[in-house]
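[1] build me a model:
(chains A and B)
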Amino acid sequence: MSQQENDAVRVRFAPSPTGHLHVGGARTALYNWLFARGRAGRFVLRIEDTDLSRSTDEAVRQIISSMRWLGLDWNEGPETGGEFGPYRQMERTELYRGAAGRLLAEGKAYHCYCTPAELEAERARARAEGRPVVYQGRCRELSVTEAQECRAEGREAVIRFRTPAAGKTVVRDRVKGDVEFDNAQLGDFIIVRSSGVPTYNFAVAVDDAAMRISHVIRGDDHLPNTPRQLLLLEALGAAAPVYAHLPLILGSDRAPLSKRHGDVSVEEFRARGFVREALNNYLALLGWSYDAETTLFSMDELVRNFSLERVGVTAAVFDNEKLLWMNGHYIREMDAAGLTVRIEEFLEDTRLAGLPGEDGRPSVGDLVPLTQEKMKTLADFVELTDFFFLPVSFEEKALAKLKKDGAARQILSTAAETLRQLDSFGIEAVETALRAAADSMELKLGKFLQPLRIALSGKLVTPGMFETLAVLGREESISRIDAALGMLAQ
RNA sequence: GCCCCCAUCGUCUAGUGGCCCAGGACACCGCCCUUUCAAGGCGGCGGCGGGGAUUCGAAUUCCCCUGGGGGCACCA
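    Below is the predicted model of the structure:
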């Protein structure tokens, strides 16, 4: 292998497929992706499905779908393949079996016949006596006959790693610095279950070595596992990757972000009308910063500027408000055609599905210019424009305001009359005529337009009135005004 | 109980001994613009958890305390 290849950056994102892609996972994936992209490296997606009872194919699909949506594509992984595959751990069991066999043969691992119940009792005792909760090594030096007796009793065997009884293992972490762990605190941990399935730490060590992973960028919660993986890597004769542990993401109560804080999966944010640009940018800044000033970054800029050196050490609270602001920013920044496509994609699952553009109704593209600057999420498009497609349904507050407005009937009939007499129903013509009508009634424009807004939309908040009228068209506009007038007459 | 990590405005953060009586962004509060709501512009409020120590000088270094979090599984 050439020096060039030796130095190649190879990072991986290794989710366990037990649910949707959580924003914390998404951030980890993003940092790995950015790191690889910025250094001409390779980004590997590896599915860690050794927990048979919790892993599902559906979750694998969800995670893949979310990552694709975010634009975090991988060079090697499921559905893509690669020279170090397969990329689902349960398809790599031969590899683990071989590695475990080698450790066993070299005396670096041993069979343990203790039952789960015995181990639980041992842990309880240790806790009660205030001792570190670690395996005491009962089976560490079992003789051949003792082992035979255990098997004769019908006891099942797991394989444990023979952890050095003394000494320290130091993790040289790129974000946390050097962290020391006492080997004695680590204990002889299990590497292969009685079922023959490897445990997390073992599979990770074997795979990180086999896949030539150069940098492990992952969540903080894995820091205490790292010394075990380091020891395993050493026993396997493999070089250790560089580690970088990211602080976790918190909810507003400073507890780790979880479902009870509301939306936490990429899928949920997508369904609420967030765009990938905003989510990526926001997540990038949650735990990383470029300088004292800059908040807005394109993916390209992130790739160019991301570095482990500028990843922070403090856990960060997820702030929905800021994400929302950022989302609005990216929506405003899009060109009309691009935004139209995003909205059309988004609309597929909403109550407006199929409506825009049908039967002479306005299309999404017609409405984008009237709504773009008001939207914070794609979902806002629905709230802002549904009255163009659906029968007017009055919001309670809007209706009350309309009824309370003593001038409303006069305004509405004047407006209807004015609109009826127009030659053209373009925005300018409508505006000129209505401004003149407001003048003639000696009303401020806002005062004049508000009853009209409510009559046309049933809402207090809508796109600009002149644009709305023009899109609605003369016939529909006048009929809605007449309907409101009829209602007020009762 | 044991091991480990962390601590600057409400939130995300800049800050690596003097450039900081701490800068930016979101949120909040005013004002301006305005057909509603947003957006935008201008201005404001607001912070170095506590205690020691080192130093001419500490947000920045060290120690202790307090507070948060992670781990100690045949989960990952």
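
[2] how about low-confidence regions in chain A?
    A:1-6 (pLDDT under 70).

[3] spell out which residues make up each domain of it.
    Per automatic domain parsing, the structural domains of chain A span A:1-77+A:247-333, A:96-192, A:335-381, A:396-489.

[4] in TSV, list these along with distance to A:V206 and mean neighbour count.
    Glycine gets a C-beta too; all of them are placed from N, C-alpha and C. Compiled in TSV, those are given as follows (distance: least, CB to CB, whole Å; neighbours: other CB atoms under 10 Å):
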stretch	distance to A:V206	mean neighbour count
domain A:1-77+A:247-333	11	18
domain A:96-192	5	15
domain A:335-381	41	16
domain A:396-489	58	17
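
[5] looking at those, which is closest to A:D207?
    Closest of the domains of chain A to A:D207 is domain A:1-77+A:247-333, at 6.3 Å (criterion: CB to CB).

[6] how about A:M211, nearest residue that isn't a chain neighbour?
    A:F84 (4.4 Å; CB to CB, 6 or more residues apart in numbering).

[7] wait, the one you found sits on A:E76?
    Yes. Taking CB atoms under 8 Å as the definition, A:F84 is a contact partner of A:E76 at 6.4 Å.

[8] got the domains of chain A as TSV, with distance to A:D208 columns?
    Output for the domains of chain A, formatted as TSV (distance: least, CB to CB, whole Å):
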stretch	distance to A:D208
domain A:1-77+A:247-333	7
domain A:96-192	12
domain A:335-381	37
domain A:396-489	53
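
[9] which one of these lies nearest to A:A238?
    domain A:96-192 (9.8 Å).

[10] can you tell if the closest one touches RNA strand B?
    Yes. Domain A:96-192 reaches RNA strand B (CB under 7 Å from any atom of the strand) through A:114-116, A:119, A:123, A:126-127, A:130-134, A:156, A:158, A:176-177, A:179-182, A:185, A:187, A:190.

[11] can you get me the start-to-end distance on that domain?
    With CA to CA, to the nearest Å applied, domain A:96-192 spans 9 Å between its terminal residues.

[12] which parts of the stretch 251-400 of chain A sit against RNA strand B?
    Contact residues (CB under 7 Å from any atom of the strand) of the stretch 251-400 of chain A with RNA strand B: A:254-256, A:285-287, A:289, A:291-293, A:295, A:310, A:312-317, A:319, A:321-322, A:324-325, A:328-329, A:332, A:373-374, A:376.

[13] next step: the residues you listed restricted to helices.
    A:285, A:321-322, A:324-325, A:328-329, A:332 (DSSP state H).

[14] need those residues in JSON lines with distance to A:H245, can you?
    Below are those laid out as JSON lines (distance: CB to CB, whole Å):
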{"residue": "A:L285", "distance to A:H245": "18"}
{"residue": "A:E321", "distance to A:H245": "28"}
{"residue": "A:K322", "distance to A:H245": "24"}
{"residue": "A:L324", "distance to A:H245": "29"}
{"residue": "A:W325", "distance to A:H245": "29"}
{"residue": "A:G328", "distance to A:H245": "33"}
{"residue": "A:H329", "distance to A:H245": "31"}
{"residue": "A:R332", "distance to A:H245": "36"}
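
[15] return the closest of those residues with respect to A:R92.
    Using CB to CB, these come closest to A:R92 at A:L285, 35.6 Å.

[16] quick one: contacts for the closest one?
    Listed by CB atoms under 8 Å, 6 or more residues apart in numbering, the contact partners of A:L285 are A:295, A:297.

[17] overlap of the contact sets of A:F84 and A:E76?
    A:44, A:211.

[18] related to what we said a few turns ago, wait, a helix at the residue nearest to A:M211?
    No. According to DSSP: H, G, I helix; E, B strand; the rest coil, A:F84 belongs to no helix; its state is coil.

[19] count the residues that sit near it.
    A:F84: 18 surrounding residues under other CB atoms under 10 Å.

[20] how about A:E301, phi and psi?
    phi -70, psi -40 (degrees, to the nearest 10).

[21] the strands in chain A, which residues?
    Under the criterion DSSP state E, chain A carries strands at the ranges A:10-13, A:42-45, A:109-112, A:158-161, A:168-173, A:177-182, A:190-192, A:215-219, A:242-246, A:249-250, A:316-317.

[22] how close does the closest residue in space to A:G19 that isn't next to it in sequence get to RNA strand B?
    Once flanking residues are discounted, A:G19 sits nearest to A:A59: 5.7 Å by CB to CB, 6+ apart. Taking CB to the nearest atom of the strand, to the nearest Å as the criterion, A:A59 is separated from RNA strand B by 12 Å.

[23] which ones are touching A:A59?
    Contacts of A:A59 (CB under 8 Å, 6+ apart): A:17-20.

[24] and if we set it to 7 Å?
    With contacts defined as CB atoms under 7 Å, 6 or more residues apart in numbering, A:A59 is in contact with A:17-19.

[25] between those, which is closest to A:L233?
    Closest to A:L233 out of the contacts of A:A59 is A:P17 (24.5 Å), distances taken as CB to CB.

[26] surely the closest one touches A:L52?
    No. A:P17 is beyond contact range of A:L52, at 11.2 Å (criterion: CB atoms under 7 Å).

[27] relative to its centre, which residue of chain A is most distant?
    Distance from the C-alpha centroid of chain A, by CA atoms, centre = their mean, peaks at A:S440 (55.2 Å).

[28] how close does that one get to RNA strand B?
    16 Å.

[29] give me the nearest residue to that residue, chain neighbours excluded.
    Spatial nearest neighbour of A:S440, excluding adjacent residues (CB to CB, 6+ apart): A:T414 at 7.8 Å.

[30] how near is the one you found to A:M441?
    Between A:T414 and A:M441 the distance, using CB to CB, to the nearest Å, works out to 6 Å.

[31] where exactly do the helices run in the stretch 301-450 of chain A?
    A:320-333, A:336-347, A:364-371, A:379-389, A:396-404, A:408-420, A:427-440, A:445-457 (DSSP state H, counting those that start in this stretch).
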